[in-house]
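Undergrad: Generate coordinates for the sequence data below:
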Amino acid sequence: MEIKQLYTSCLSEAAYFIASEGEAAVIDPLRDVDTYINMANEQGVKIKYIFETHFHADFVSGHIELSKKTGAPIIYGPNTQASFKIHMATDGEEFMVGKLKIKAMHTPGHTLESTCYLLHDEAGEPYCIFTGDTLFVGDVGRPDLFSGNMTKEELAGMMYETLQNKIKPLNDNIIVYPAHGPGSSCGKALGPETFSTMGAQKASNYALQDMTKEEFIKSVTTGLSTPPSYFAVNARINKEGYESLDDIYEKGLQALNIEQFKQTTADGEVWILDTRPETVFTQGFVPGSISIGLNGRFAEWAGTLIPNKQALVLVTEQGKEKESITRLARVGIDNILGYLDCGYDAWTAAGEQIDLIIDIEPDEFAMDFPHDNLLEVIDVRKPSEFEIAHVKGAHNIPVDTLMDPLNVAMIDDNNNLYVHCAGGYRSVIAASILKRHGYHNLRNVLGGFAKIKLEKGIQVVQPGKINA
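TA: Next comes the predicted model:
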């Protein structure tokens, strides 16, 4: 028996590869399915089933592509309506993978079709459960992402019944393998681990503690942040189908020389996305580029900021072109028209116009802070982060709101703008967007609020506390 968790930190997503006696199954695969096919080939096993726990909202699944390439059927749980061929499992239906038995457990609440898969080992004993977005480490799936006609309270009520009747009765020693880990927006506050046990979750997970149904509904529906805008799009794509990744590569992996690149982007309808690290981007970039570095939560921010069908051309580190396309496609962004041949180095070697963003250290910011009457601090963190503590007088304009010009209209372009986030990644994204809006008097504060708050010359406000 082999059970392998394939964790993608950029999306906080876990897929699973299961193998026994020459057969294999994949649970919740990503869109780039060659990873699973290569694993099967290396082990000499045949992928027999593709199990989906639900219609994912935070990424485009590889279920359709993997089924086409392997012939394996796609398994969903009860109440599933899809635009492609599936096997809709009944509650309690069992599937054999080698000597392993996998039992479908319908667990509605996150969505109507949500289904967990309980795996029995070669001896027939329950060994682990793949919980999808029903149960996380320290949390449960949020009930407000379903695009149908049910309220989050109604779905939360269904989840209460699911947890009481299906999940809590499981033995304490059963391993819990969820679809997501820390940082995912599919729950409120996921724990730091990517797997656990039922015993540990019964002891520590707030959603598994004794409470009434009414108390549970209030608990899981309170404090939910607004889901990323691309979630509804990805859920629809997973339900209706999508273009082959091979076709996306064929279109996107076109090397554009400088003249072709300029012609493609001349009218502004095609956006330039620069996926180099933010520390490299600020030193120089093609004017008008949006920075989203591969080194951070790239796919999540790309999905949040870039419209689903927006045409793009890429500027990447050499050799990172395919990775950039793959990670964009994972969140449904696949209208990529090519990339700048030889990257930014070719652009500068040709003497083309460049732009840059001035980086400053927090101590420089501290020196400017009390003396510059035109200084304006733009804090692009989430409102919840801002509320905990922020620089006195700072304006909170979260980075995910900046693509709309109306949301930045309050910024005075005559001011000296000091942009920061928590650590430095989001502030460069924000600065690049502000540049596109025509703001050029910018400073990016290195190290973000984590370092700013250590500077004695900068007054930090902590709402709810007495500030000396």
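
Undergrad: Show me the shaky parts of the stretch 51-200 of the chain.
TA: In the prediction, the stretch 51-200 of the chain carries residues with pLDDT under 70 at positions 147.

Undergrad: Show me where it has its strands.
TA: Per DSSP state E, counting those that start in this stretch, the stretch 51-200 of the chain carries strands over the ranges 74-76, 87-88, 94-97, 100-106, 115-120, 126-132, 135-136, 139-140, 175-178, 196-197.

Undergrad: Residue 252 is nearest to which of those strands?
TA: Between residue 252 and the strands of the stretch 51-200 of the chain, the shortest gap by C-beta to C-beta is with strand 74-76, which sits at 25.9 Å. Where you see a C-beta, it was placed from the backbone N, CA and C, and this is true even at glycine.

Undergrad: What is the closest one packed up against?
TA: Where contact means 3 or more C-beta pairs under 8 Å, 6 or more residues apart in numbering; DSSP states H and E, strand 74-76 is packed against strand 46-51, helix 63-70, strand 87-88.

Undergrad: can you put those in a markdown table and add distance to residue 288 and mean neighbour count?
TA: Shown next, in a markdown table, are those (distance: least, C-beta to C-beta, whole Å; neighbours: other C-beta atoms under 10 Å):
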| stretch | distance to residue 288 | mean neighbour count |
| --- | --- | --- |
| strand 46-51 | 41 | 23 |
| helix 63-70 | 33 | 21 |
| strand 87-88 | 47 | 16 |
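
Undergrad: and residue 203, helix, strand or coil?
TA: Recorded secondary structure, residue 203: helix (DSSP: H, G, I helix; E, B strand; the rest coil).

Undergrad: That one and residue 119, how far apart?
TA: 22 Å (C-beta to C-beta, to the nearest Å).

Undergrad: JSON lines please, covering the strands of the stretch 51-200 of the chain and showing distance to residue 282.
TA: Output for the strands of the stretch 51-200 of the chain, formatted as JSON lines (distance: least, C-beta to C-beta, whole Å):
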{"stretch": "strand 74-76", "distance to residue 282": "44"}
{"stretch": "strand 87-88", "distance to residue 282": "51"}
{"stretch": "strand 94-97", "distance to residue 282": "50"}
{"stretch": "strand 100-106", "distance to residue 282": "49"}
{"stretch": "strand 115-120", "distance to residue 282": "45"}
{"stretch": "strand 126-132", "distance to residue 282": "39"}
{"stretch": "strand 135-136", "distance to residue 282": "36"}
{"stretch": "strand 139-140", "distance to residue 282": "36"}
{"stretch": "strand 175-178", "distance to residue 282": "37"}
{"stretch": "strand 196-197", "distance to residue 282": "40"}
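
Undergrad: deepest of these, which one?
TA: By mean neighbour count, with neighbours taken as mean count of other C-beta atoms under 10 Å, strand 135-136 ranks first of the strands of the stretch 51-200 of the chain at a mean of 32.

Undergrad: ok, residues contacting that one?
TA: Strand 135-136 has contacts (C-beta atoms under 8 Å, 6 or more residues apart in numbering) with 116, 141, 163, 167, 176, 178, 180-181, 184, 186-187, 190-191, 201, 205, 207.

Undergrad: Paired strands for it, with orientation please.
TA: strand 139-140 (antiparallel) (DSSP bridges).

Undergrad: Contacts made by the partner strand with the rest, please.
TA: So strand 139-140 is contacted by 109-110, 134, 159, 163, 187-191, 205-207, 220 (C-beta under 8 Å, 6+ apart).

Undergrad: Select from the residues you listed the one having the most neighbours.
TA: residue 110 (30 neighbours; other C-beta atoms under 10 Å).

Undergrad: Distance of it relative to residue 16?
TA: 18 Å.

Undergrad: which stretches of the stretch 201-350 of the chain form helices?
TA: For the stretch 201-350 of the chain, the helices defined by DSSP state H, counting those that start in this stretch occupy 213-221, 230-240, 245-252, 258-265, 278-281, 298-305, 321-329, 343-349.

Undergrad: Would you point to the one among those helices that's packed deepest?
TA: Highest mean neighbour count among the helices of the stretch 201-350 of the chain (mean count of other C-beta under 10 Å): helix 298-305, a mean of 23.

Undergrad: What is it packed up against?
TA: Using 3+ C-beta pairs under 8 Å, 6+ apart: helix 298-305 touches helix 230-240, helix 321-329, helix 425-436.

Undergrad: give me the element the most far-flung residue of the chain relative to its centre is part of.
TA: Largest separation from the mean C-alpha position in the chain: residue 371, at 40.3 Å (C-alpha atoms, centre = their mean). Using DSSP states H and E, residue 371 sits in no helix or strand.

Undergrad: residues contacting the closest residue to residue 93 other than its chain neighbours?
TA: With C-beta to C-beta, 6 or more residues apart in numbering as the criterion, residue 93 has its nearest non-adjacent residue at 4.8 Å, and that residue is residue 104. Contacts for residue 104 were tallied using C-beta under 8 Å, 6+ apart; they are 75, 77, 89, 90, 91, 92, 93, 94, 95, 115, 116, 117.

Undergrad: Pick out whichever of the residues you listed sits closest to residue 341.
TA: Distances from residue 341 to the contacts of residue 104, taken by C-beta to C-beta, are shortest for residue 75, at 43.3 Å.

Undergrad: on that earlier part again, reformat the helices and strands packed on strand 74-76 as JSON lines; add distance to residue 215.
TA: Below are the helices and strands packed on strand 74-76 laid out as JSON lines (distance: least, C-beta to C-beta, whole Å):
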{"stretch": "strand 46-51", "distance to residue 215": "33"}
{"stretch": "helix 63-70", "distance to residue 215": "36"}
{"stretch": "strand 87-88", "distance to residue 215": "33"}
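
Undergrad: Select, out of these, the one closest to residue 252.
TA: helix 63-70 (15.9 Å).

Undergrad: Need the residues that contact that closest one.
TA: Defining contact as C-beta under 8 Å, 6+ apart, one finds that helix 63-70 is touched by 26, 29, 31, 33, 36-37, 40, 46-47, 50, 52, 72-74, 84, 238, 241-242, 244-245.

Undergrad: Repeat that for stretch 362-381.
TA: 386, 390-391, 393-399, 402, 411-412, 414-422, 426-427, 429-430, 434, 443, 445-447, 449, 451-452, 454-458.

Undergrad: Just the buried residues of it, please?
TA: For stretch 362-381, burial by neighbour count (16 or more other C-beta atoms under 10 Å) applies to 362, 365, 369, 375, 376, 377, 378, 379, 380, 381.
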